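Colleague: what follows is a protein structure lacking sequence information:
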């Protein structure tokens, strides 16, 4: 009679071991899934911050030239050099397209961080209003990556590209 009891316990031990292994495996997979989601969330936040700072750099560069030079005046020639005053910027040229009373200046800017391809596309619109007043609007779109060194432009598409924009009017 004792032999039958020992044999029945052997099957129970195997069932118990499989059950414990399944629970441990389930907990491990759950932790791995949560870790992966947290990693994706943190990297997304990092890329968004990089794009925001690129947009901020473009805005600051445009504000510097707007306050300290006459680059964005309505009497400017068709091309202007913006390399002065914007740290880490390659010599870039803004193309001026004049409308009736509005002048649009557009330029691309690479951020100073050498490990990053973050860049910004900045559009400055200067509008002549009545009585000699001028309304200036700066729209800076920053990207976490996309700088193309061969053409010195911020236009390389990527599925991982994040855009953040800042607009300032005065």
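Modeller: Good, I have the coordinates. What you are looking at is a predicted structure, and each value in this text was computed from that prediction instead of being measured.
Colleague: in three-state terms, label the most centrally placed residue in the chain for me.
Modeller: In the chain, the centroid-proximal residue (CA atoms, centre = their mean) is residue 51; its distance is 2.1 Å. Three-state assignment for residue 51 (DSSP: H, G, I helix; E, B strand; the rest coil): helix.
Colleague: correct me, but it touches residue 142?
Modeller: Yes. Residue 51 is within contact range of residue 142, at 4.6 Å (criterion: CB atoms under 8 Å). Every C-beta, even on glycine, is put in place using the N, C-alpha and C of the backbone.
Colleague: between these two, which contacts overlap?
Modeller: 118, 163, 164 (CB atoms under 8 Å, 6 or more residues apart in numbering).
Colleague: distance of residue 117 from residue 155?
Modeller: 11 Å (CB to CB, to the nearest Å).
Colleague: same check on residue 38?
Modeller: Applying CB to CB to residue 38 and residue 155 gives a distance of 32 Å.
Colleague: got it, and residue 124?
Modeller: 18 Å.
Colleague: cool, and residue 135?
Modeller: Separation of residue 135 from residue 155 (CB to CB): 28 Å.
Colleague: cool, residue 129 as well?
Modeller: To residue 155, residue 129 is 33 Å away according to CB to CB.
Colleague: between those two, point out the one with more neighbours.
Modeller: Counting neighbours by other CB atoms under 10 Å for residue 129 and for residue 155 shows that residue 155 has the greater number, 12 against 9.
Colleague: pLDDT score assigned to the more buried one?
Modeller: According to the prediction, residue 155 has pLDDT 81.
Colleague: and if you look at residue 75?
Modeller: Value listed for residue 75 in the pLDDT field: 61.
Colleague: tell me which stretches of this structure form helices.
Modeller: With DSSP state H as the criterion, the chain has helices at 2-68.
Colleague: any stretches of it with poor pLDDT?
Modeller: Confidence mapping of the chain against pLDDT under 70 gives the ranges 1-10, 73-85, 87-100, 113-115.
Colleague: quick one: neighbours of residue 104, just the number.
Modeller: Counted with other CB under 10 Å, the neighbours of residue 104 add up to 17.
Colleague: same thing with residue 12?
Modeller: Residues lying near residue 12 (other CB under 10 Å) number 9.
Colleague: circling back to that earlier point, let's see if you can find the most crowded of the shared contacts of residue 51 and residue 142.
Modeller: With neighbours taken as other CB under 10 Å, the top of these is residue 118, carrying 26 neighbours.
Colleague: perfect, I'm done here.
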